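Predicted coordinates and the sequence they were generated for:
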Amino acid sequence: MKRYLLRSLKYFLTLCVLLLALIWLKITYESLPVTMGEMIKIYFSAWNGWAMAATVVVLSATYPLFGFVSRKIDGDIVENREQIIAAMEVSGLQLVKEDGCSMTFRATGLQRITLLFEDEVLVESVGSQITISGHRRTVIRATIRLEGYIINKRRVSNE
């Protein structure tokens, strides 16, 4: 629950900064003779401003529900270790922690900032499957690559 609230707060602040940037762009490029504070007052004196504020609150409160996923693919974390590391590196992630049945990856550079430091991807072995958990976009990209790498390894070993 604590992690959920922290994620919601991060997205709320990010969306607020985005909203303020849009208001600033409107003032700047339309050459309006008002200050930022006056524009915010004008913006929230109409129902459009309050609708946008409500949208920011709803999006930030619900994003952690659909922004993070787990995907399962056939494979073994020990047998497919090279493919896992290669798929994650191509996805911009590097290995930061590893134990017998799990690996933890983190994004590097600018990608880490764009993910608001919610960049941890956990790869676990569950029976004959590999479970990849983390930020939706990152997990889906890495899963697609990893499935391809595993299929290619099986194809090569069968020849």
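Cool, the structure landed. Numbers count the residues shown, from 1 in each chain.

who's in contact with the residue most central in space within the chain?
Centroid-nearest residue in the chain: residue 135, 3.8 Å away (criterion: CA atoms, centre = their mean). The contact partners of residue 135, taken as CB atoms under 8 Å, 6 or more residues apart in numbering, are 67-68, 115, 118-119, 121. For every residue, glycine as well, the C-beta is placed using N, CA and C.

Poorly predicted segments of the chain, please.
Applying pLDDT under 70 to the chain picks out residues 115, 159.

and the helix ranked longest in the chain, which residues are buried?
Counting by DSSP state H, the longest helix found in the chain is helix 2-29. Residues of helix 2-29 classed as buried by neighbour count (16 or more other CB atoms under 10 Å): 7-8, 10-12, 15, 19, 23, 27.

what packs against the very next helix or strand once past that helix?
Note on helix 2-29: by DSSP states H and E, the next helix or strand toward the C-terminus is helix 36-45. The contact analysis (3 or more CB pairs under 8 Å, 6 or more residues apart in numbering; DSSP states H and E) places helix 36-45 against helix 2-29, helix 47-66.

Can you show me the CA trace of helix 36-45 as CSV?
Extracted C-alpha coordinates of helix 36-45, given in CSV (Å, rounded to 0.1, in the frame of the first residue of the first chain):
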residue,chain,number,x,y,z
MET,A,36,1.3,32.8,-14.3
GLY,A,37,-0.6,33.3,-11.1
GLU,A,38,-3.3,35.3,-12.8
MET,A,39,-3.6,32.7,-15.6
ILE,A,40,-4.0,29.9,-13.0
LYS,A,41,-6.8,31.9,-11.3
ILE,A,42,-8.5,32.5,-14.7
TYR,A,43,-8.1,28.8,-15.6
PHE,A,44,-9.7,27.6,-12.3
SER,A,45,-12.5,30.1,-12.5
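
How far off centre is that helix?
The chain centroid and the centroid of helix 36-45 are separated by 32 Å, computed with CA atoms, centre = their mean, to the nearest Å.

Stretch 108-117 now?
9 Å.
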